[in-house]
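Colleague: Predicted model follows, preceded by the sequence.
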Amino acid sequence: MTLGPILIIDTATTRAVIALGGADGSVLEARSWTAGYRHGEELLARIDGLLRDRAIDRHALGGVVVGTGPGAFTGLRVGIATAKGLCHALGLPIAGVATGRALLAAAATVAGVDAGPCVLVQPAGPSDRVVSRHDAAPAILPGGEDPGLAPGEVLVAVDLAGRAPDDAVALGDAAVAGLAAALLAEGATRIAEGGDDLARLAPEYVTLPRGVRSALPDEGVELSGGTTA
């Protein structure tokens, strides 16, 4: 069976991302914007605009890939709730992909094969950060502490302009630009296999207070006490 276009949604960073892609992993079109605190007002309208401009009916979609974080409470919750609502209403499969892992994959593509392993840092409140590596669950880094890069590791900073080296911020910007493709690369396969359990798909929040840490299975830092979106 040939799947229809796959909708990609990510609201884990300050730039919301929506895109349409094929089951083969190719991105048909991606759009992003600085969402601020307007995710609830804008996200569904932006999705409808993208579908309308591409002349695609919602019922023609083949599935939804959604970024699960780490990310701040408000935006991440809206993004996952929107993805779940669409899949429930339309009977579509859903795939939740860790945004941090996708950003690392996108950064590695930009950095090139000769670069060392990438290490992602994102904000977790006004001073702390969350650190993600390919081979470890995300972890909170208290404000003022260094991420402790191993020799050859490459720092990637997202949403940390002025709080991280300029080259790390530039690589982070490039990773966000490639986020839709990285999410689709992992999510399309899972959509083709039937997708994830809609009821169990949960976000990875990085909302403080500091010190409240409980790791989600497989990957995840949940600091807000939330469970399923």
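Modeller: Received the coordinates, thanks. Numbering: from 1, shown residues only.

Colleague: from here on, contacts and neighbour counts on C-alpha atoms
Modeller: Fine.

Colleague: Tell me which residues touch the residue positioned nearest the centre of the chain, please.
Modeller: Nearest residue to the geometric centre of the chain (CA atoms, centre = their mean): T99, 2.7 Å. By CA atoms under 8 Å, 6 or more residues apart in numbering, the contact set of T99 is D10, A12, G67, T68, G69, P70, L179, L183.

Colleague: let's see it at 10 Å
Modeller: Going by CA atoms under 10 Å, 6 or more residues apart in numbering, T99 touches 10-13, 66-71, 105, 176, 179-180, 182-183, 204.

Colleague: Among the residues you listed, which ones are in helices?
Modeller: With DSSP state H as the criterion, helices contain A105, V176, L179, A180, A182, L183 from among those.

Colleague: Contacts only, for the closest residue to P203 other than its chain neighbours.
Modeller: In space, and not counting its chain neighbours, P203 is closest to T68: 4.8 Å by CA to CA, 6 or more residues apart in numbering. Shown in contact with T68 (CA under 10 Å, 6+ apart): 9-12, 76-77, 79-80, 95-101, 201-205, 220.

Colleague: let's see 7 Å
Modeller: Shown in contact with T68 (CA atoms under 7 Å, 6 or more residues apart in numbering): G96, V97, A98, T99, P203, E204.

Colleague: From E204, how far off is it?
Modeller: Distance, T68 to E204, by CA to CA, to the nearest Å: 6 Å.

Colleague: repeat for E193
Modeller: From E193 across to E204, the span is 23 Å (CA to CA).

Colleague: what does V154 give?
Modeller: Look at V154 and E204: by CA to CA, they are 24 Å apart.

Colleague: Likewise for P142?
Modeller: Taking CA to CA, one finds P142 at 18 Å from E204.

Colleague: Tell me which of those two has more neighbours.
Modeller: E204 (30 against 16; other CA atoms under 10 Å).

Colleague: Would you agree that one is in contact with P70?
Modeller: Yes - using CA atoms under 7 Å, E204 is in contact with P70, at 4.8 Å.

Colleague: Give me the pLDDT for the residue nearest to the centre of the chain.
Modeller: pLDDT, T99: 97.

Colleague: Which of the ones in helices among the contacts of T99 has the largest number of neighbours?
Modeller: Highest neighbour count within those, by other CA under 10 Å: A180, with 32 neighbours.

Colleague: Show the contacting residues for that one.
Modeller: By CA under 7 Å, 6+ apart, the contact list for A180 reads I8, V17, A19, A30.
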